[in-house]
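Participant: missing the sequence, but the structure's below:
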Ligand SMILES: *[C@@H]1O[C@H](CO)[C@@H](O)[C@H](O)[C@H]1NC(C)=O
Ligand SMILES: *[C@@H]1O[C@H](CO)[C@@H](O)[C@H](O)[C@H]1NC(C)=O
Ligand SMILES: *[C@@H]1O[C@H](CO)[C@@H](O)[C@H](O)[C@H]1NC(C)=O
């Protein structure tokens, strides 16, 4: 009977490509990575779990399910029990076990995750701004006529086309994406598909339905085939979709690629698990070519969050297997937290090498107050500010919207341009899009920290990346582009620094030398992305900043000071990314400088770092594909070949000015053995966690100084403290008993038919993760609270997201997002 059911489940999962509906209220789900060739049904039945089907497009990844057991990890518990039995050498425990085939197992949690935030901004005070605009600016008559002629020639009869200044701007001439010349060649996105990963897509809108691509669409929040907007606030995705693919007809305006297909994946209308998000990132990836993502972790200047390992795997899987191996294209909005000192390198989605990060400029070509800067930003394009926003389609049969803004509105314009490029050259690989984008971007003639990348022959700035996207230039370049060779990479060994970071303008520098032989050995010809993974302990993370100097003297500001970031966490195996070194050779000395510019009591130390160079291979035939990431990729800090970096305290340098020769620095090499270094070397524990040292007492007090003596004699103190200790022990025992009972109850409820003994004494294994998990939960709760405050009223009288719950943060249907305040400078 069981077998039959299982067979039926297996068959149904093969027959229907539609995802198994998941109900997190009644079930627990486990994402499981099995050894190649192992049948998931065998493992799930051995573990007494149900097999729910494959995990999206990830090979050997599956979903197992069981009834909900609050706070209980079925697989992890089984693993611990097996481990314990094996340690005890219990009879039969050395036989092969299903768990031996499990490479990774992750219970899917909804409440642990940080919320994914839509990157729109509150609409500017539209009426007022429009009035200002009309009074202050006269459209150029000849340009207005040209717009009318253009529309006529292209047979665009859409009523708001003339308002869509981002497509053709007749007020600020030249401030548009320069697409009309592309359309005039008949290039309109045919055969391209963009998936809008967002809060839904109104496929019944008259402006979208003809281009709607149902096959690539899914509602991951309510588990239906169509991503129909259902919450009052589910408008963002539809507006983004309109920017890309609004149909040329008599409704609203047109999309950048108005003959392309557009799919919708609804993921933002409730919190989704990592497994489901991973499925979404690869959904229909043979046919969905471009994934447009206008969201990310909160832009409050305190979050430092990125995709979990399953999602990171899905993105690597997407670029390797999506689009028949040419690679899925992920376009991400860079984030709206500039006013909060936020920096897109603190967002693990935008700073992924697999995503194209798009920032904003406004209709006057100015830098809008919200658009973040960072070394991972590739390009910018138009969005809200200076009194207007993006005009697009809205939810409803025939409804338009004139206030779409934030970097949310910028990302989809680039996704639309990419759809045009795919029409003329469907063979472009995922990295070719990045090359073409960096090569053709038009420099924004505004002040910014522009630096010439000599190897690339292009200027880069942290505010604008390589400049603004020009549709005409991109499509022309795409027509004749020859694909770059496969991706190669070079990883430096871990550089151990273990040295306090001096405060003030000085920094702590560490250099790694990369030789031509190393890169030849890595089959790496020229650079594209550079990433630096690092560990820095600090009592206040926001005080830190980090620069990376390439051998040529290009400076990437990997991290910048963030005034709101009070976390006592430092950087823990965090990876920063830079696109500023594109096309450099990579050969020579690379220097990382960590600074703590605020002179105060919050101090820290630079533990270690590792440089990774990514780029084009020398010999394509020798190049293999990158293995999928694991959670242990950075666990090899202390391997034998880890070397001690040439560490020095740098002399003060002007930011942005290449420091040039590292021999300017006062060299202060640090020992290989951290335990034997000078007294300034901090201990392994982070400052925030370190306990006060236990002093050895020589005075007449029973306990050292921090403990009060109550003015009593040593003997009385012994008595008082002895009693106190007994009370503490008693309370601890009581707590232990309570936890024991709880566990026992959980076990009974688990319908677990293993006849295992209780393993409470083995809890040393579980204790530490438990604490860490608790910390995480609390942090997530804080983030939610921060969110609820800034909840969006927008044009809805009933703004959602008022609640600020900790424990209940996993409730479905709750909206948590944050919008930036009404634009200030943009309105002047
Ligand atoms: C904009 O497109 C036109 C062709 O329509 C082209 O001549 C012009 O160079 C483009 N502008 C830029 C800045 O590339
Ligand atoms: C669209 O794709 C189909 C199938 O690959 C191809 O036959 C057709 O020519 C393409 N159309 C355009 C306009 O590129
Ligand atoms: C690079 O660093 C090494 C020591 O790590 C040093 O010997 C060498 O002179 C440096 N090269 C340059 C060009 O500065």
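Facilitator: That came through, no problem. Not measured: the values here are computed from a predicted model. Ligands and ions are numbered 1, 2, ... in the order given.
Participant: which neighbouring elements make contact with the host helix or strand of residue 77?
Facilitator: With secondary structure defined by DSSP states H and E, residue 77 is part of helix 74-87. In terms of contact count using 3 or more CB pairs under 8 Å, 6 or more residues apart in numbering; DSSP states H and E, helix 74-87 is assigned the packing partners strand 27-34, strand 102-107, helix 764-789. No exception for glycine: its C-beta is placed from N, CA and C like everyone else's.
Participant: ok, how many other residues are close to the closest residue to ligand 1 within the stretch 151-300 of the chain?
Facilitator: Of the stretch 151-300 of the chain, the residue with the smallest distance to ligand 1, taken as CB to the nearest ligand atom, is residue 181 at 2.2 Å. Counted with other CB atoms under 10 Å, residues neighbouring residue 181 total 13.
Participant: quick check: it touching residue 473?
Facilitator: No. Checked against CB atoms under 8 Å, the pair residue 181 and residue 473 is beyond contact range at 10.0 Å.
Participant: what about the spatially closest residue to the residue of the stretch 151-300 of the chain closest to ligand 1 that is not a sequence neighbour, is that helix, strand or coil?
Facilitator: Distances taken as CB to CB, 6 or more residues apart in numbering put residue 472 closest to residue 181, at 4.8 Å, once the chain neighbours are dropped. Look at residue 472: counting by DSSP: H, G, I helix; E, B strand; the rest coil, its state is helix.
Participant: would you map the strands across the stretch 1-150 of the chain?
Facilitator: Counting by DSSP state E, counting those that start in this stretch, one finds strands in the stretch 1-150 of the chain at the ranges 27-34, 50-54, 61-67, 102-107, 117-118.
Participant: how about residues contacting the third one?
Facilitator: Just to be clear, that refers to strand 61-67. In this structure, residues lying in contact with strand 61-67 by CB atoms under 8 Å, 6 or more residues apart in numbering are 20, 22, 26-34, 40, 43-44, 47-55, 74-75, 275, 310, 313, 750-751.
Participant: run the last query once more with 7 Å
Facilitator: Surrounding strand 61-67, the residues in contact under the criterion CB atoms under 7 Å, 6 or more residues apart in numbering are 26-34, 40, 44, 47, 49-55, 74, 275.
Participant: between that strand and strand 102-107, how big is the angle?
Facilitator: Angle of strand 61-67 versus strand 102-107, following axes from the mean of the first three to the mean of the last three CA atoms, to 10 degrees, is 50 degrees.
Participant: partners of strand 61-67 in the sheet?
Facilitator: Applying DSSP bridges to the sheet, strand 61-67 is found paired with strand 27-34 (antiparallel), strand 50-54 (antiparallel).
Participant: quick check: the residue of the chain nearest ligand 3.
Facilitator: Of all residues in the chain, residue 589 sits closest to ligand 3, with a separation of 3.8 Å (CB to the nearest ligand atom).
Participant: shouldn't that residue be within a helix?
Facilitator: No. Secondary structure of residue 589, determined by three-state DSSP: strand, with no helix assignment.
Participant: who's it bridged to?
Facilitator: Here residue 589 sits in beta bridges with residue 513, going by DSSP bridges.
Participant: around it, how many other residues sit close by?
Facilitator: For residue 589, the tally of surrounding residues (other CB under 10 Å) stands at 15.
Participant: the one 4 residues further on now?
Facilitator: Other residues near residue 593 come to 27 when the count uses other CB under 10 Å.
Participant: which residues touch it?
Facilitator: Contacts for residue 593 (CB under 7 Å, 6+ apart) come out as 507-509, 546-547, 650.
Participant: which one in those residues is the model shakiest on?
Facilitator: Here the lowest pLDDT out of the contacts of residue 593 sits on residue 650, with 51.
Participant: contact residues of the stretch 151-300 of the chain facing ligand 1?
Facilitator: Contact residues of the stretch 151-300 of the chain with respect to ligand 1, defined by CB under 6 Å from any ligand atom, are listed as 178, 181.
Participant: which parts of the stretch 151-300 of the chain are helices?
Facilitator: With helices called from DSSP state H, counting those that start in this stretch, the stretch 151-300 of the chain shows them at 180-184, 236-245, 274-281.
Participant: so which of these is nearest residue 221?
Facilitator: Each of the helices of the stretch 151-300 of the chain has some distance to residue 221 by CB to CB; the shortest is helix 274-281, at 8.9 Å.
Participant: what's that closest one packed up against?
Facilitator: Using 3 or more CB pairs under 7 Å, 6 or more residues apart in numbering; DSSP states H and E as the contact criterion, the neighbours of helix 274-281 among helices and strands are helix 309-321.
Participant: avg pLDDT for the helix it packs on?
Facilitator: So the average pLDDT for helix 309-321 ends up being 98.
Participant: direction included, what does the helix or strand following it pair up with?
Facilitator: Remark: after helix 309-321, the chain's next helix or strand is strand 329-333, criterion DSSP H and E. Looking at strand 329-333 with DSSP bridges, its partner strands are strand 290-293 (parallel), strand 355-361 (parallel).
Participant: can you state the direction angle for strand 329-333 and helix 274-281?
Facilitator: Between the axis of strand 329-333 and that of helix 274-281 there is an angle of 110 degrees, by the same axes, to 10 degrees.
Participant: can you list contacts of strand 329-333?
Facilitator: Looking at what lies outside strand 329-333 - CB under 7 Å, 6+ apart - the contacts are 119, 289-294, 296, 315, 349-350, 354-358, 407-408, 410-411, 414-415, 418, 430, 433.
Participant: for the protein, what lies in contact range of ligand 1?
Facilitator: Within the chain, the positions adjacent to ligand 1 are 178, 181, 442, 470, 472-473 by CB under 6 Å from any ligand atom.
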